[in-house]
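1. Sequence below, structure please.
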Amino acid sequence: MPMKRLTLALCLLLVAGAAHAFDPTPSADSRVSIGILRAPDAFYYENAEHVHRAISAALRDELRSRGYETVTIDWTYDDLPRDAKPIVDYYVEIAGDSRTDDRGGVGVAGRHASMSLGMLVSDVAADVFVYDAFTLEELAHESMSKRDKAFVPTSVGVGGGSLFAWIATPFIERAQVRSVARQLARDIAGRVDAVVQRR
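-> The predicted structure follows:
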């Protein structure tokens, strides 16, 4: 009887050890990795570089929050080496641009200062490509866009008497474009996630 109990105890220990060794959570080494490529020069319109940086940074954070290892790569798709093992599983290429329109507004003037308030409409659009990093096969291509409207200060004037200075505030337009780019990055992350999950 004692021998049977000892044998049973050893079996239970072995089973418990095997169960403990099996961790259903994937290790960091098994996570899917994604590289965000540099936009091709052909798409560098007036605001393209600024937009690409904003979308890439936000997309990297969005994909990481979804559990992907994500890096930015300073190569275009055409620059990728065809005969070397890739460092990631997938590539994402974004070619985007933005446009901001001032739809008019009102001016507020005082004795020594004045300000104009305008309705700014910012559009950010991007062509998004997803590639298999090992075969360089195009897995998806989609044109995506986002728009936002805001009533914001567009210029400020200061002075008095015969001297007056009027200063535009383009940084507000840039901030609005970055905000729209972040919104668009969330949509792009969802699209990339869907493509990867189908594989």
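2. Tell me where this structure has helices.
-> 2-21, 48-65, 170-198 (DSSP state H).
3. Who are the packing partners of the last one?
-> It refers to helix 170-198. In terms of contact count using 3 or more Cβ pairs under 8 Å, 6 or more residues apart in numbering; DSSP states H and E, helix 170-198 is assigned the packing partners helix 48-65, strand 90-109, strand 113-132, strand 138-160. Every C-beta, even on glycine, is put in place using the N, C-alpha and C of the backbone.
4. lowest-confidence stretch among the ones you listed?
-> Among those, strand 90-109 carries the lowest mean pLDDT, at a mean of 74.
5. ok now do residue 123, which residues does it touch?
-> 98-100, 145-147, 180 (Cβ atoms under 8 Å, 6 or more residues apart in numbering).
6. for residue 178, same thing?
-> residue 54.
7. could you measure it against residue 56, distance?
-> Separation of residue 178 from residue 56 (Cβ to Cβ, to the nearest Å) stands at 12 Å.
8. And for residue 39?
-> Counting by Cβ to Cβ, the gap from residue 39 to residue 56 is 8 Å.
9. Now list whatever residues contact both of these two.
-> Joint contacts of residue 39 and residue 56 (Cβ under 8 Å, 6+ apart) are residue 94.
10. Now do residue 56 against residue 92, distance only.
-> From residue 56 across to residue 92, the span is 9 Å (Cβ to Cβ).
11. which neighbours do these two share?
-> Common contacts of residue 56 and residue 92, defined by Cβ under 8 Å, 6+ apart, comprise residue 36.
12. With neighbour numbers in mind, choose between these two.
-> residue 92 (26 against 23; other Cβ atoms under 10 Å).
13. residue contacts, that one?
-> Shown in contact with residue 92 (Cβ under 8 Å, 6+ apart): 34-37, 59, 128-131, 188, 192.
14. Which ChimeraX command selects the buried ones in those residues?
-> Listed next is the ChimeraX selection for buried residues among the contacts of residue 92, using 16 or more other Cβ atoms under 10 Å:
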select :34,35,36,37,59,128,129,130,131,188,192
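15. Can you convert the contacts of residue 92 into CSV and add a column each for distance to residue 72?
-> Shown next, in CSV, are the contacts of residue 92 (distance: Cβ to Cβ, whole Å):
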residue, distance to residue 72
34, 10
35, 7
36, 5
37, 8
59, 9
128, 15
129, 15
130, 15
131, 15
188, 14
192, 14
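16. wait, which of the contacts of residue 92 is closest to residue 65?
-> Residue 65 lies nearest to residue 59 out of those, by Cβ to Cβ, at 10.7 Å.
17. which one is the closest one nearest to, not counting chain neighbours?
-> Excluding its sequence neighbours, the residue lying closest to residue 59 (Cβ to Cβ, 6 or more residues apart in numbering) is residue 185, at 4.3 Å.
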